[in-house]
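>>> What would the 3D arrangement of this be:
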Amino acid sequence: MKKLFASWLLDIAKYLVTALLLSTALTDMGSGWVFYVVTFALVAFIVVLGIILYLSGDKDEKKKNKDKDVTN
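Here you go, the predicted structure:
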């Protein structure tokens with residue numbers, strides 16, 4: 001479950017980067033450096049959270065598989 005949510009978070013980060021690139025290509029952002037900083041910080045946070053969840057989900061799966069091997 002954690003790996004699925006982590007994958008979803010990484011997809012959201014990709015969508016945010018795509019939206020940023022498309023919005024800057026299609027419109028004149030002017031002095032929109034705040035928009036870039038906020039988007040970058042949000043994407044970085046989401047990616048880090050996604051990686052943490054993915055790795056913890058991987059550990060949970062290994063533990064479940066280890067427990068199955070012991071019971072069999």
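
>>> so who does the one residue sitting closest to the centre of the chain touch?
Closest to where the C-alpha atoms of the chain average out (Cα atoms, centre = their mean) is Leu10, at 2.8 Å. Leu10 makes contact with Ile46, Val47, Gly50, Tyr54, according to Cβ atoms under 8 Å, 6 or more residues apart in numbering. (Each C-beta comes from the backbone N, C-alpha and C, glycine too.)

>>> wait, which of those residues is closest to Lys3?
Of all the contacts of Leu10, Lys3 sits closest to Tyr54, with 5.6 Å by Cβ to Cβ.

>>> that older thread, what helix or strand is the residue nearest to the centre of the chain on?
Here Leu10, judged by DSSP states H and E, is contained in helix 2-26.

>>> Quick check: next helix or strand after that helix?
In N-to-C order, the element after helix 2-26 by DSSP H and E is helix 33-71.

>>> from the middle of its chain, how far away would that next one be?
Helix 33-71 has its C-alpha centroid displaced from the chain centroid by 7 Å (Cα atoms, centre = their mean, to the nearest Å).

>>> Same check on stretch 4-21?
On Cα atoms, centre = their mean, the centre of stretch 4-21 falls 6 Å from that of its chain.

>>> I'd guessed Val17 sits against Leu42; true?
No - counting by Cβ atoms under 8 Å, Val17 stays clear of Leu42, with 10.1 Å between them.

>>> Check which residues of the helix or strand of the chain with the lowest mean pLDDT are buried.
None of the helices or strands of the chain scores lower by mean pLDDT, DSSP states H and E than helix 33-71, at a mean of 83. By neighbour count on 16 or more other Cβ atoms under 10 Å, the buried set for helix 33-71 is Thr39, Val43, Ile46, Val47, Gly50, Leu53, Tyr54, Gly57.

>>> circling back to that earlier point, list the buried residues of the helix holding Leu10.
Lys2, Lys3, Ala6, Leu9, Leu10, Ala13, Leu16, Leu20.

>>> The residues you listed into CSV, with extra columns for distance to Asn65 and pLDDT?
Below are the buried residues of helix 2-26 laid out as CSV (distance: Cβ to Cβ, whole Å; pLDDT from 0 to 100):
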residue, distance to Asn65, pLDDT
Lys2, 15, 83
Lys3, 14, 85
Ala6, 19, 90
Leu9, 24, 93
Leu10, 24, 94
Ala13, 29, 95
Leu16, 34, 94
Leu20, 39, 88
